[in-house]
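model this:
(chains A and B)
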Amino acid sequence: MAASSVPMIFSVSDFIAVANQTFEYAFPTVEVEGEVASFKVNQGKFVFFDLKDAGGSVGCFMTVWQLRVPIEDGMKVIVTATPKLTQWGKFSLTVRAIRPSGVGALKKSFEILVAKLAAEGLFAPERKRLLPRIPKHVAVISSTQAAGYADFIKILNDRWGGVRVDVAHVQVQGADAPDQMIRALTYFNQQEVLPEVIVIIRGGGSADDLSAFNDEPLARAIAASRVPTLVGVGHEVDESLADMVADLRAATPSNAAQLLVPDRNEIIRATHVKLGSLLPRLLQAIERQQSQVRQTLERSLLAIEHQYDRAEEQFTRYRTVLAQLDPHVVLKRGYAIVRGQQKVGETIHIETYKAILEAKVERYDEK
Amino acid sequence: MTKSNPTIQEKIIELDTIVAWFDSDDFTLEAALDKFKEAEALAAEIEHDLSVLKNDITVIKQKFDSEN
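Predicted coordinates:
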């Protein structure tokens, strides 16, 4: 009889330990998709639920801190977990991460979170801070290998220069992405010299690809940032929690660059327009001055003419008076000038208009 | 110029101030030509400064894939 055919006898504890070792070896990490049932949180710390499909059900355990998205019964999810046999012989999955699966579950999870954060006022317009018009120091959180990052940098360089751009290379999709972005946010917020803006960007992708930006702790970290935030994720139609809590939302990474800095070509054009507007103003002022001088001259000429006319008129009047006083005119009117002593016996000379007469005074009577 | 090394933004503000002066009560024809020349020089400087500006982009060495 062969010794190997004798069944090995384990203690219960050993059997559980061996079973767990076997699980650990065979399935260090499994991803299981199913529908959530009997979801509950005990003592505010421990999360229990069943994951089921048409053919079976398995119990799951995780801590509240590992729960990054809202989960409720009926939601389809994918869990990342390790299988485990508990000391009471119950098989369960110890879950490290859970994410909604499928458009319906993602949408549901998103709606629950939006309602929760909105109730806390995290999207309130009055929380939004203004970004500096022309920042000199900017932090960027993105994957440097992503197309969205390349678009952002290209547009940024085309539009403006002189900006110090510190880039934190992080994953922008997958289970680790939210934590990496949170660490980068923390890093920039703890710098001695703070950047003026933190820009978080990622190009387009499927709803699942972009789900990292619907992570609750990430949304809270963005909302809590000391530095104003600008988030440009996906395409125009994509909306994420990160967008909603940011101080400014960009439709795309390229749009983020457009919102971040002005366009140097536009400024150059505007400068030309400003300068161009000065020349007509200068010419207008010169014309105005010329017109004033012309009007003053015209008024002066009119005044001179007026004075001349008055003087001429006066002269004419004086000349008329003088003409009336001319002795020849008087003589012509029939008067005569008498010269000599007006005494009886004296000879006098009488001048008329036509003759000078000599006469003797024969009689002199006082009037 | 208010500073020996004004920034582009300061130069733009300076240019705006000159443009506003042309519409203000302080305007005099005697000073206008000098102001116009000043504006021309500023505009040329702004265009030059904007054309040569480059961004300084650095990917920081800090890793974010795990808690440090």
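
Just the helices from chain B, written as ranges.
Secondary structure of chain B (DSSP state H): helices located at B:8-22, B:29-52.

Ignore what I typed, I meant the stretch 51-200 of chain A.
In the stretch 51-200 of chain A, the helices defined using DSSP state H, counting those that start in this stretch lie at A:102-119, A:147-159, A:177-189.

Mean pLDDT and distance to A:Asp243 for these - can I get that in CSV?
The C-beta positions use only the backbone N, C-alpha and C, and glycine is treated the same way. Written out in CSV, the entries for these read as follows (pLDDT from 0 to 100; distance: least, C-beta to C-beta, whole Å):
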stretch, mean pLDDT, distance to A:Asp243
helix A:102-119, 86, 11
helix A:147-159, 95, 14
helix A:177-189, 96, 13
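
Output those as CSV; include the columns mean neighbour count and distance to chain B.
Formatted as CSV, these follow (neighbours: other C-beta atoms under 10 Å in any protein chain shown; distance: least, C-beta to the nearest C-beta, whole Å):
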stretch, mean neighbour count, distance to chain B
helix A:102-119, 16, 23
helix A:147-159, 19, 6
helix A:177-189, 21, 4
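
Can you tell me which of those is nearest to A:Gly59?
helix A:102-119 (19.9 Å; C-beta to C-beta).

What parts of the stretch 101-250 of chain A come near chain B?
Applying C-beta under 8 Å from any C-beta of the partner chain, we find that the stretch 101-250 of chain A lies next to chain B at A:133-134, A:144, A:153, A:156-157, A:160-171, A:176, A:180-181, A:183-184, A:187.

now the strands for the stretch 101-250 of chain A?
With strands called from DSSP state E, counting those that start in this stretch, the stretch 101-250 of chain A shows them at A:137-142, A:164-169, A:197-202, A:229-233, A:248-250.

Quick check: chain neighbours aside, which residue is closest to whatever residue of the stretch 101-250 of chain A ends up closest to chain B?
Proximity of the stretch 101-250 of chain A to chain B (C-beta to the nearest C-beta) peaks at A:Gly161, 2.7 Å away. Nearest residue to A:Gly161 in three dimensions, chain neighbours excluded: B:Leu53, at 2.7 Å (C-beta to C-beta, 6 or more residues apart in numbering or on different chains).

Determine the number of other residues adjacent to residue 36.
Using chain A here. By other C-beta atoms under 10 Å in any protein chain shown, the residues close to A:Val36 number 21.

try chain B instead
Burial of B:Phe36 is recorded as 17 neighbouring residues (other C-beta under 10 Å).

got a list of what it touches?
By C-beta atoms under 8 Å, 6 or more residues apart in numbering or on different chains, the residues touching B:Phe36 are A:278-279, A:282.

cool, and A:Ile155?
A:Ile155 touches A:254, A:257-258, counting by C-beta under 8 Å, 6+ apart.

remind me which residues of the stretch 101-250 of chain A are low pLDDT?
Across the stretch 101-250 of chain A, the ranges flagged by pLDDT under 70 are A:236-238.

again, only this time at 80
A:103-106, A:207-208, A:235-238 (pLDDT under 80).

Scan chain A for its longest helix.
The longest helix of chain A (DSSP H) is helix A:264-325.

before we move on, back to that, include distance to A:Ala207 when you put the helices of the stretch 51-200 of chain A into a markdown table, please.
Formatted as a markdown table, those follow (distance: least, C-beta to C-beta, whole Å):
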| stretch | distance to A:Ala207 |
| --- | --- |
| helix A:102-119 | 5 |
| helix A:147-159 | 16 |
| helix A:177-189 | 14 |
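
Check whether stretch A:66-84 comes into contact with chain B.
No - Stretch A:66-84 lies out of reach of chain B by C-beta under 8 Å from any C-beta, never closer than 14.7 Å.

give the contact list for the closest residue to chain A within chain B.
As assessed by C-beta to the nearest C-beta, chain A sits closest to B:Leu53 within chain B, at 2.7 Å. Going by C-beta under 8 Å, 6+ apart, B:Leu53 touches A:160-162, A:264, B:8.

Next, give phi and psi for it.
B:Leu53 adopts backbone torsions of phi -70, psi 130, taken as degrees, to the nearest 10.

Contacting chain B as well, which ones from the contacts of A:Ile155?
Okay, of these, nothing touches chain B (C-beta under 8 Å from any C-beta).

Among those, which one lies nearest to chain B?
Proximity of the contacts of A:Ile155 to chain B (C-beta to the nearest C-beta) peaks at A:Ala257, which lies at 10.5 Å.

Now do the contacts for the closest one.
Contacts of A:Ala257 (C-beta under 8 Å, 6+ apart): A:151-156, A:159.

hmm, 7 Å instead?
Listed by C-beta atoms under 7 Å, 6 or more residues apart in numbering or on different chains, the contact partners of A:Ala257 are A:152, A:155-156, A:159.

farthest-separated two in those residues?
Using C-beta to C-beta, the contacts of A:Ala257 span at most 10.8 Å, a distance reached by A:Phe152 and A:Arg159.

Could you pull up the residues touching A:Ala223?
The neighbours of A:Ala223, taking C-beta under 7 Å, 6+ apart as the test, are A:122, A:245.
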